[in-house]
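A.B. asks: sequence? don't have it. structure:
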């Protein structure tokens, strides 16, 4: 009968057989706060479990990918998106002999910093923060690091490995590059100093997730655009239909095949020039006919109003309730607006001080909301309810 030590040895030996470019949890810088080793899971696998069981991950099922608060159960949500990224990156990673535990952990956590209402919500939260004088505004990649480090577990965070945290902060799905090579010189213990989206992940697994992020949403958004009636298959340009296909599965397959063929035995995730050109054409088509479709834009404008109104109302509430410390004011508000009980509970159980800027508290709270909870809170705050 094998002991737990025997099992751990098997896991470590399997890791040593990975590509020379793959990350190994046995040699990782590890975590801010050391953990006793687990006999059945190496470090990156433990991270994936911590992420899956965290409240921010659960909330992804009610956060927008492209179409806000969809009534159609077959339209992609943010949770489905991260699972698609994990699946796509795992297929490629297995063929490249990379660390699948690290890939899956990064993929499942990469969008934990996304606010409600998708990129429309992010743009509005960014605009409000800049209006409030916040240098750098709001970026979901950087906020994702804050979610896993500070905001989860009542301020103690998830205590993830440096490699997973790096993959979150450097995943940037809106930046398109034909070649994504790891920045192996970066100090993984200084991730909090990153203030822009212009950094590449420090691991090849992180680079792969960064590329898979785009593969996951381009074809799926196209598919959802067809389901929503915004476009028809016949609208897809002939060269895209011919070379990539018109179904999400075919599009993913074309990109995956190309990346595997171009990236084997390299310390980079690459795409051929021709396929990368097709990827950019598909991106441009989606922007013109889906993301900027008048119907999508009108819905986005409504979500802009919700985010902006919530921000400034929460600011007044914090000021009037002395940051929630005035029990008389806060209890009266909760009686009238039950959703605020969650707000005051959040403030009390997060590591804020008297010097924490109000914008920081409000941004943390709004970014953690689901679409449905943001809408419910807005309704209770601004729409009249019967007195009796």
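C.D. replies: Nice, I can see it. Computed from a predicted structure; not experimentally measured. Numbering: from 1, shown residues only.

A.B. asks: If you count neighbours, what's buried in the one helix or strand residue 380 maps to?
C.D. replies: Assignment of secondary structure by DSSP states H and E places residue 380 within helix 371-382. Burial within helix 371-382, assessed by neighbour count using 16 or more other CB atoms under 10 Å, is assigned to 371, 373-375, 377-378, 381. C-betas here are computed from N, CA, C, even on glycine.

A.B. asks: pLDDT (mean, whole number) over it?
C.D. replies: Here helix 371-382 scores 95 as its mean pLDDT.

A.B. asks: Kindly report the same for stretch 296-310.
C.D. replies: Model confidence over stretch 296-310, given as mean pLDDT, is 92.

A.B. asks: Tell me the one among the buried residues of helix 371-382 nearest to residue 46.
C.D. replies: Minimum distance to residue 46 across the buried residues of helix 371-382 is 29.3 Å, recorded for residue 373 (CB to CB).

A.B. asks: The closest one is in contact with residue 63, isn't it?
C.D. replies: No. Residue 373 is beyond contact range of residue 63, at 9.9 Å (criterion: CB atoms under 8 Å).

A.B. asks: Return every residue with contacts to both of the two.
C.D. replies: Common neighbours of residue 373 and residue 63, counting by CB atoms under 8 Å, 6 or more residues apart in numbering, are residue 116.

A.B. asks: elements contacting the helix holding residue 380?
C.D. replies: Packing contacts for helix 371-382, counted by 3 or more CB pairs under 8 Å, 6 or more residues apart in numbering; DSSP states H and E, involve helix 294-320, helix 340-348.

A.B. asks: repeat that for 10 Å
C.D. replies: The contact analysis (3 or more CB pairs under 10 Å, 6 or more residues apart in numbering; DSSP states H and E) places helix 371-382 against helix 55-59, helix 118-131, helix 294-320, helix 327-336, helix 340-348, helix 358-367.

A.B. asks: Among the buried residues of helix 371-382, find me the one that's closest to residue 320.
C.D. replies: residue 381 (13.3 Å).

A.B. asks: domains of the protein?
C.D. replies: Using automatic domain parsing, the domain parsing of the chain gives 42-291, 295-382.

A.B. asks: And for residue 206, the neighbour number?
C.D. replies: As a burial measure, residue 206 scores 29 neighbours (other CB atoms under 10 Å).

A.B. asks: Would you mind measuring from it to residue 20?
C.D. replies: 17 Å (CB to CB, to the nearest Å).

A.B. asks: what's the answer for residue 362, then?
C.D. replies: For residue 362, the distance to residue 20 (CB to CB) stands at 47 Å.

A.B. asks: okay, those two: which has more neighbours?
C.D. replies: Neighbour count, other CB under 10 Å: between residue 362 and residue 20, residue 362 has more, with 23 against 7.

A.B. asks: Identify the residues contacting the more buried one.
C.D. replies: With contacts defined as CB atoms under 10 Å, 6 or more residues apart in numbering, residue 362 is in contact with 125, 128-129, 132, 310-315, 317-318, 343.

A.B. asks: repeat that with 6 Å
C.D. replies: Taking CB atoms under 6 Å, 6 or more residues apart in numbering, we find residue 362 in contact with 311, 314.

A.B. asks: In the stretch 51-200 of the chain, mark out all the strands, start to finish.
C.D. replies: With DSSP state E, counting those that start in this stretch, the ranges of strands along the stretch 51-200 of the chain come out as 179-180.

A.B. asks: Okay, helices next: where are they in it?
C.D. replies: Ranges of helices in the stretch 51-200 of the chain, per DSSP state H, counting those that start in this stretch, are 55-59, 78-95, 100-109, 118-131, 140-146, 162-169.
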